[in-house]
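In: turn this into a model:
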Amino acid sequence: MHHLQLKLAALLASAAAVSCQNYTQLARTLSNTAQIYQPGSAAFNAAVLRWSNFSTPVANVVVVPGTENDVVETVKFANEYSLPFLATNGVHGSITTLGKMTSGIEIHMSQLNSIAVAQDGSTATIGGGVMSKNLTDALWAVGRQTAYDHHWASTDLETVTGTCECVGYMGPGLGGGHGWLQGRYGLVSDQYVSLNVVLANGSLITVDESSELFWAMKGAGHNFGIVTSIISKVYDIQYPNYAMETLIFSGDQVEDVYSLANQQWFTNASMPVDLINWSYWYFDPTIDAEKPVIAMYLIQEGVQTVDAAHTNPFLQLGPIATQNVSGTYRDLAAWTGISLNDTPCQKTGNANPRFPIYLKSYNATAQRQVYDLFNQATTNASTPFSDALFMFEGYSQQGVKAIGQNATAFAYREDNLLAAPLLTYAPNGPAVDAVASELGNKIRQILFEGSGEISLNTYVNYAYGDETPVAWYGSEQWRQNRLSALKEDFDPAGQFSFYAPIM
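Out: Residues are numbered from 1 along each chain as shown. Model prediction:
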């Protein structure tokens, strides 16, 4: 570990020394469609702008590759001048380790956005810069779709993508990747057939099941290379139509709501494959002027109305309000507030740290304790966190658990729930950053203690940054050993160490 830290420090020092380097030499090696943005330009400013404005990476130049080989040439150039480099796309990662890049080259993947479906319709080749919504829309556009008698016949295609429309497809997948369809097919990374990867030495290789690196790319991939394209499994759409029932509860009902969720899905039964349950906590004084509300989403596949067997038990708790909607898979992001037009997809200059934890079930007592903390933090007259959001994501798990627990670097297939407070606030110096860190970690610690688990399990794609590799990649020693050995083989200088580094 000390060896890698010294190497990284040397890279950062070299980058500062050549910050005024003329990039004409690099431009000569790139394709005609590649672009280089210098600081001060509008294109540069737009490329480096991130969703979370806290502990952000700093670049001296942005390279926008037009081909996979442009990534190769950029990495070779960076190595020649001992420059750090960081590949970006959706720029939604808010982990504090990104701030360790204080100079260097940002490789902005946006032009590598091609999507090509194989002739047999079983796979698609997807560029490293493709966004989740673009992939969903492109696959749905293949073939035609007809509706009759409330049933659907379709030759359209789908695959597992991240839930939020404005995130990249590749980034979430390299950390495992949760999605609406994971109950059917598994995680985003479980769909990978092969990956084209530019390694730290500038070589472009294809990684598939014959490679020892394939295991690591599916859960810890950002530690090993830049993925320029992948071949992914795709599927015929079986159930294009969806329905959602939203039930708004008072915070006074927190124990009842989550005790019922446990009874329905996590202690006495499992989440049905066609059902997803999310919930948000947020302060909306137009609904409750004193405390945050609980918005419970029941999302069901293949129906026009969510089955009463799922909704009636919650309706009996007496929600403040309810709403029913129906549509298709492509409506889910808008229904849950994460479409391109919604606040989570806007770059507002706010800091957006998250503090994720995986759970197997809810602890109603812990839910009450963290609700009370969240209530105090969001409703105080002087709070910077009035726009904070607490997310609880409960996906169907059959497809995830059908794959062996040890089959990939993603370590948390046995967990059923992903909880994460999102403490949105306007940056105002280190004091408020410290308050956010203390609050987020206190909330997470309460949930951890209430879980009865012996190790903290976190989702690397939501990570705050202080969790340690054991929390990101699994507490089993063999996992840590395998990842460390692969890191020494494929990235001995630790050049891919700005996002949740293994070592």
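In: C-alpha from now on. contacts and neighbour counts both.
Out: Will do.
In: can you give me the distance of residue 490 to residue 379?
Out: In this view, residue 490 and residue 379 are 49 Å apart by Cα to Cα, to the nearest Å.
In: so these two - more neighbours on which side?
Out: Neighbours per residue, other Cα atoms under 10 Å: of residue 490 and residue 379, the larger number sits with residue 379, 21 against 16.
In: spatially, and excluding backbone neighbours, which residue is closest to residue 473.
Out: residue 411 (6.0 Å; Cα to Cα, 6 or more residues apart in numbering).
In: out of the helices and strands in this protein, which is least certain?
Out: Here the helix or strand of the chain ranked lowest by mean pLDDT, DSSP states H and E is strand 145-148, holding a mean of 29.
In: any stretches of the stretch 151-300 of the chain with poor pLDDT?
Out: 151-155 (pLDDT under 70).
In: strands along that one, start to end?
Out: For the stretch 151-300 of the chain, strands defined by DSSP state E, counting those that start in this stretch occupy the ranges 151-154, 157-158, 192-198, 204-208, 226-233, 235-236, 241-250, 275-282, 293-301.
In: residue 49 is nearest to which of those?
Out: With respect to residue 49, and counting by Cα to Cα, the nearest of those is strand 226-233 at 20.0 Å.
In: among the strands of the stretch 151-300 of the chain, which is nearest residue 475?
Out: Of the strands of the stretch 151-300 of the chain, nearest to residue 475 by Cα to Cα is strand 192-198, at 24.6 Å.
In: report all helices and strands that that closest one contacts.
Out: Where contact means 3 or more Cα pairs under 8 Å, 6 or more residues apart in numbering; DSSP states H and E, strand 192-198 is packed against strand 204-208, strand 226-233.
In: show me what contacts the residue nearest to residue 473?
Out: 219, 405, 473-474 (Cα atoms under 8 Å, 6 or more residues apart in numbering).
In: now a PyMOL select for only the buried ones of these.
Out: Restricted to buried positions by 16 or more other Cα atoms under 10 Å, the PyMOL selection for these reads:
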select buried, resi 219+473+474
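In: can I get the contacts of residue 411 in a markdown table including distance to residue 248 and secondary structure?
Out: Below are the contacts of residue 411 laid out as a markdown table (distance: Cα to Cα, whole Å; DSSP: H, G, I helix; E, B strand; the rest coil):
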| residue | distance to residue 248 | secondary structure |
| --- | --- | --- |
| 219 | 35 | helix |
| 405 | 36 | coil |
| 473 | 35 | helix |
| 474 | 35 | coil |
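In: gap between the residue nearest to residue 473 and residue 479?
Out: Counting by Cα to Cα - residue 411 and residue 479 are separated by 9 Å.
In: related to what we said a few turns ago, out of the strands of the stretch 151-300 of the chain, which is closest to residue 38?
Out: Nearest of the strands of the stretch 151-300 of the chain (Cα to Cα): strand 226-233, 21.8 Å.
In: quick one: closest of the helices and strands packed on strand 192-198 to residue 483.
Out: strand 204-208 (15.8 Å).
In: now for the closest one, which elements pack on it?
Out: strand 192-198, helix 213-220.
In: what does the shortest one rub up against?
Out: It stands for strand 192-198. Residues contacting strand 192-198 (Cα under 8 Å, 6+ apart): 71-72, 204-209, 214, 225-233.
In: now the buried members of the residues you listed.
Out: 71-72, 204, 206-208, 214, 225-233.
In: quick one: which of those is nearest residue 189?
Out: Nearest to residue 189 among the buried ones among the contacts of strand 192-198, with distances taken as Cα to Cα, is residue 232, at 8.6 Å.
In: bridge partners for the closest one, pull those for me.
Out: Taking DSSP bridges, one obtains residue 124, residue 192 as the residues bridged to residue 232.
In: again with the one 10 residues further on
Out: Taking DSSP bridges as the rule, residue 242 bridges to residue 301, residue 327.
In: how about residue 425?
Out: Where residue 425 sits in a bridge, its partners, by DSSP bridges, are residue 351.
In: ok, it touching residue 383?
Out: No - Residue 425 is not in contact with residue 383 according to Cα atoms under 8 Å; the separation is 9.2 Å.
In: now the nearest residue to residue 313 once chain neighbours are set aside: how far from residue 468?
Out: Residue nearest to residue 313 in three dimensions, not counting chain neighbours: residue 260, with 7.8 Å by Cα to Cα, 6+ apart. Using Cα to Cα, one gets 33 Å for the distance from residue 260 to residue 468.
In: right, so of the helices and strands packed on strand 192-198, which gets closest to residue 35?
Out: Taking Cα to Cα, strand 226-233 is the member of the helices and strands packed on strand 192-198 nearest to residue 35, at 16.3 Å.
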